[in-house]
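Undergrad: Next comes the sequence, and after it the predicted model I'd like to discuss.
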Amino acid sequence: MDTIYTTLKKFGKVKLNEPMSKHTTFKLGGPAKYFITIDKNEKLVEVLNFLREENVEYVILGGGSNVLCTDKELDGVVIKIASSEIKQLENNILQVDAGCITVAVARESVRLGLTGFEWGIGVPGTIGGAVRGNAGAMGGDMKGNIERVEVYRQGEILELTNEECGFAYRESIFKLNNDVILRVWLKLEKSSEESKDLMKKALENIQYRNSTQPQGFASSGCIFKNVIVNLPAGQAGSQKPKAKSQDIPQEFLDKGVISAGWLVDNAGCKGLQIGKAQVSEKHANFIVNLGGATAEDVKNLIDEVKEKVYNKFKINLETEVQEIVF
Ligand SMILES: Cc1cc2nc3c(=O)[nH]c(=O)nc-3n(C[C@H](O)[C@H](O)[C@H](O)COP(=O)(O)OP(=O)(O)OC[C@H]3O[C@@H](n4cnc5c(N)ncnc54)[C@H](O)[C@@H]3O)c2cc1C
């Protein structure tokens, strides 16, 4: 009898050889030997303790909207976090489980007459995934909203302050360690506007944004990070473009951020295709699955785009999407 399977069943719903393509917005990824969905934080901690004691490899999945999952078998446990409690506390603080859907949290915050997290209405996936990648949109990001984060770290449960999370553009310490985010506290403000007006404004912004993005294709959102160019020398994330300055619009240099989509487009990559993966014709920072793409197709396309951008601008693009392999 498979003891991992029988033990896992005590903590949540378990599937064997579950195709990851069913759980990623890219609709990519081979089978996970064990796939467990957990909807309570207490169970999540128990399963993490069990896997740690038994030395079993695992990977965490939220909404699967920022991952590129290998086509090969994942020979371990995929833990899908589906905890979903949202509580309003005093002082306009929302306590949110890591598995809560970001869009739902944003909608709930607006419903409660709170402002500051409307930008989340446009971001797929879970709050845990959003914290790990310091997700952001329309001028907001998790760094701007987080008061505290509760994590599981090597058998212990800790609370980290915003500063301790090491947030930077699409970065946090959680990309560098194996912490599992369990719960977060968002610091919001009481809105002077009616909920329905707040919601109307947020939806208008999202509609505009969506009109610039490819619709109807599986993707993982933006593939590459925008390029930061004005940090002090040596600070992580900063690059000095070596291309002639007239090659890059002055407005990007003035802002200190070069749009990755602009670089990809101007390196001639729009529409570039490998297998069934294609650089979107509509938004050059999206790679879309035309149907039947493999993770290998996407990886090869990423490499080709990076090379073309480097050859033209001498800039190394970094990927925003997280690779899942064991
Ligand atoms: C159409 C589309 C539009 C998008 N627009 C935006 C946008 O505007 N702004 C933006 O920032 N992003 C955007 N994204 C990317 C994505 O939605 C965000 O990065 C999102 O926050 C990822 O959350 P997730 O739960 O899906 O993470 P997943 O894809 O499930 O996981 C991403 C990484 O986080 C880890 N992880 C997930 N949950 C936890 C946890 N609880 N503890 C520890 N690690 C965890 C995973 O192991 C993985 O390494 C977009 C994606 C799509 C498909």
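TA: Yes, it's here.
Undergrad: Show me the helices in this structure, by range?
TA: For the chain, the helices defined by DSSP state H cover 3-8, 41-53, 102-111, 127-132, 195-211, 250-255, 260-266, 295-313.
Undergrad: deepest of these, which one?
TA: Among the helices of the chain, helix 127-132 has the highest mean neighbour count (mean count of other CB atoms under 10 Å), at a mean of 28. Quick note: C-beta positions are derived from backbone N, CA and C, even for glycine.
Undergrad: who's in contact with it?
TA: With contacts defined as CB atoms under 8 Å, 6 or more residues apart in numbering, helix 127-132 is touched by 60, 62-63, 65-66, 81, 96-102, 105, 120, 123, 135, 142, 146, 149, 165, 172, 174-175, 180-182, 184.
Undergrad: for stretch 306-320, same thing?
TA: Outside stretch 306-320, the residues that reach it (CB under 8 Å, 6+ apart) are 66, 133, 170, 221-225, 227, 239, 241-243, 247-248, 258, 260, 263-264, 266-269, 272, 302, 305.
Undergrad: So for it, first residue to last residue, what's the gap.
TA: One end of stretch 306-320 sits 13 Å from the other (CA to CA, to the nearest Å).
Undergrad: pLDDT averaged over it - what is it?
TA: Averaging pLDDT along stretch 306-320 yields 95.
Undergrad: Looking at per-residue confidence, what score does Asn230 get?
TA: With respect to pLDDT, Asn230 scores 69.
Undergrad: Revised request: answer the last question for Pro241.
TA: Among the per-residue scores, Pro241 shows a pLDDT of 60.
Undergrad: Quick check: chain neighbours aside, which residue is closest to Leu74?
TA: Nearest residue to Leu74 in three dimensions, chain neighbours excluded: Ala32, at 4.4 Å (CB to CB, 6 or more residues apart in numbering).
Undergrad: For that neighbour, name its beta-bridge partners.
TA: When assigned by DSSP bridges, Ala32 has beta-bridge partners Glu18, Leu74.
Undergrad: Quick one: residues contacting it.
TA: Going by CB under 8 Å, 6+ apart, Ala32 touches 17-18, 20, 73-74, 76-78.
Undergrad: Now do Asn311 against Gly261, distance only.
TA: 18 Å (CB to CB, to the nearest Å).
Undergrad: Over to Gln322?
TA: Remark: distance between Gln322 and Gly261 (CB to CB) = 20 Å.
Undergrad: got it, and Glu90?
TA: In terms of CB to CB, Glu90 sits 42 Å off from Gly261.
Undergrad: center of the protein - which residue?
TA: By CA atoms, centre = their mean, the chain has its centre lying nearest to Asn66, at 4.2 Å.
Undergrad: need the contact list for it.
TA: If you count contacts by CB under 8 Å, 6+ apart, Asn66 has them with 125, 129, 133, 135, 220-221, 320-322.
Undergrad: Got a quick PyMOL command for the buried subset of the residues you listed?
TA: To isolate the buried ones among the contacts of Asn66 in PyMOL, judged by 16 or more other CB atoms under 10 Å, type:
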select buried, resi 125+129+133+135+220+221+320+321
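Undergrad: Export the contacts of Asn66 to JSON lines and append columns for distance to Ala293.
TA: Shown next, in JSON lines, are the contacts of Asn66 (distance: CB to CB, whole Å):
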{"residue": "Gly125", "distance to Ala293": "20"}
{"residue": "Gly129", "distance to Ala293": "22"}
{"residue": "Gly133", "distance to Ala293": "22"}
{"residue": "Ala135", "distance to Ala293": "24"}
{"residue": "Ser220", "distance to Ala293": "11"}
{"residue": "Gly221", "distance to Ala293": "16"}
{"residue": "Glu320", "distance to Ala293": "18"}
{"residue": "Val321", "distance to Ala293": "14"}
{"residue": "Gln322", "distance to Ala293": "18"}
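Undergrad: Next one, pLDDT for the residue of the stretch 151-300 of the chain found nearest the ligand please.
TA: Evaluated by CB to the nearest ligand atom, the stretch 151-300 of the chain has Gly221 as its residue closest to the ligand, separated by 2.4 Å. pLDDT, Gly221: 94.
Undergrad: tell me the contacts of it?
TA: 25, 65-66, 124, 286, 320-321.
Undergrad: ok, back up a step: pull out the buried residues from the contacts of helix 127-132.
TA: Buried subset of these (neighbour count, 16+ other CB under 10 Å): 60, 62-63, 65-66, 81, 96-102, 105, 120, 123, 135, 142, 146, 149, 165, 172, 174, 180-182, 184.
Undergrad: Is the ligand within reach of stretch 186-205?
TA: No. Stretch 186-205 is not in contact with the ligand by CB under 6 Å from any ligand atom; minimum separation 10.9 Å.
Undergrad: just use 140 as the starting number from now, easier for me
TA: All right, first residue 140 from here; so that's stretch 325-344.
Undergrad: Can you tell me which residues in the chain are near the ligand?
TA: Looking at the ligand, the residues of the chain close enough under CB under 6 Å from any ligand atom are 164, 198-206, 220, 237, 261-265, 267-269, 271-272, 274-276, 313, 319-320, 358-360, 461.
Undergrad: what about the strands in the stretch 140-289 of the chain?
TA: With strands called from DSSP state E, counting those that start in this stretch, the stretch 140-289 of the chain shows them at 152-158, 170-177, 197-200, 206-208, 213-220, 225-228, 232-236, 253-254, 275-276, 279-280, 285-292.
Undergrad: That's all I had, so thanks and see you.
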